[in-house]
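Undergrad: please work out how this folds:
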Amino acid sequence: MDMILIAPVWATSPWYAALLDLTVEKPILLPSKRDLLSNPAGEIHPLLARTPGLRLAAWRLSNNSSERKRFLKELATSLPIVEGAVQRSITTAPGRSLGWCQRRGFDPVRCPIEAVLDYLYDMFDKKLAVNYIKVHRSAISAFHEKVDGLPLGKHHRVSQLLKGAGNLRTPKPKAIPVWDVSSVLNFMDSCQNEGLDLKGISLKLITLLAITSLHRGSELHLLSLDYLSLFSNRAEFAYADPHKHSKMG
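TA: Next up is the predicted model:
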């Protein structure tokens, strides 16, 4: 497999480590334009509309192990001509691990698993995030020889270390403000539709939909008047496309 993929530079995404595992060339950042990703009608993709600072890049991906090893060794010996977050994402993991091995006299491709465990624990001991450590695990596994017939990243000792790290340092939940639903409903009840402009009515509608359906903003964004059915006592929306929590069967 050898392909070019257009994907965001999004280091906190769960798929980002897998993307780095397959990268074999320095990615090319695309121009930072709000309308870079839009449909024929000119509508901006909601991901870029909601995240103005998000950058897209062209990634060359391959599952050829020799290509991957070549690329990682190039990064260890040269300064990549890539800017910002892409440079940090691509070079930090392999470059740091290779340098760590070389300073201790280990062959990065064949170093003992104990050295890899020491390296990963050293990052944990420095209070680095577990997801960040997993990116380094994936980068090392991409060019390291198999251990006991398994990719190093899937070895039970590495898995146990990361599982323990995750148990000891669970992600902190984001602080979400708590508000009284009845206060919101009372306020909206005091706002008569006749005195509202189109924007005010739209905001009132979307708030009521969010409260009654408990759907995410991304799911509410998919609602379309083309799929609205009106009845004598209710209105029903249908989704044209499957949404995040929809299930088949």
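
Undergrad: put the alpha carbons of stretch 223-232 into PDB.
TA: Extracted in PDB, the C-alpha atoms of stretch 223-232 (Å, rounded to 0.1, in the frame of the first residue of the first chain):
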ATOM      1  CA  LEU A 223     -30.400  18.200  10.400                       C
ATOM      2  CA  SER A 224     -32.000  19.500   7.200                       C
ATOM      3  CA  LEU A 225     -35.400  20.900   6.300                       C
ATOM      4  CA  ASP A 226     -35.300  18.500   3.300                       C
ATOM      5  CA  TYR A 227     -35.900  15.600   5.800                       C
ATOM      6  CA  LEU A 228     -38.500  17.400   8.000                       C
ATOM      7  CA  SER A 229     -41.900  15.800   8.300                       C
ATOM      8  CA  LEU A 230     -44.800  17.900   9.800                       C
ATOM      9  CA  PHE A 231     -47.700  16.300  11.600                       C
ATOM     10  CA  SER A 232     -50.700  17.800  13.300                       C
END
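
Undergrad: shouldn't residue 236 be within a helix?
TA: No. Assigned with DSSP: H, G, I helix; E, B strand; the rest coil, residue 236 falls outside any helix and is strand.

Undergrad: what part of the chain, helix or strand, is modelled with the least confidence?
TA: Lowest mean confidence among the helices and strands of the chain (mean pLDDT, DSSP states H and E): helix 84-103, at a mean of 59.

Undergrad: average pLDDT for stretch 122-137?
TA: For stretch 122-137, the mean pLDDT works out to 85.

Undergrad: can you show me the CA trace of it as CSV?
TA: The C-alpha coordinates for stretch 122-137 follow below in CSV (Å, rounded to 0.1, in the frame of the first residue of the first chain):
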residue,chain,number,x,y,z
ASP,A,122,11.3,7.8,31.8
MET,A,123,8.7,9.8,29.9
PHE,A,124,6.0,8.7,32.4
ASP,A,125,8.3,9.7,35.3
LYS,A,126,8.6,13.2,33.7
LYS,A,127,4.8,13.6,33.9
LEU,A,128,4.2,13.4,30.2
ALA,A,129,0.7,12.4,29.0
VAL,A,130,0.0,8.7,28.5
ASN,A,131,-1.3,9.4,25.0
TYR,A,132,1.9,11.2,24.1
ILE,A,133,3.9,8.2,25.4
LYS,A,134,1.8,5.9,23.2
VAL,A,135,2.8,8.0,20.1
HIS,A,136,6.5,7.3,21.0
ARG,A,137,5.7,3.6,21.5
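
Undergrad: which positions in that stretch come out as buried?
TA: Under the neighbour-count criterion of 16 or more other Cβ atoms under 10 Å, stretch 122-137 has 123-124, 130-137 buried. Glycine gets a C-beta too; all of them are placed from N, C-alpha and C.

Undergrad: and stretch 45-59, by the same measure?
TA: Within stretch 45-59, the residues scored as buried using 16+ other Cβ under 10 Å are 48, 55-57, 59.

Undergrad: so how far is it off the chain centroid?
TA: Taking Cα atoms, centre = their mean, to the nearest Å, one finds stretch 45-59 lying 12 Å from the centre of the chain it belongs to.
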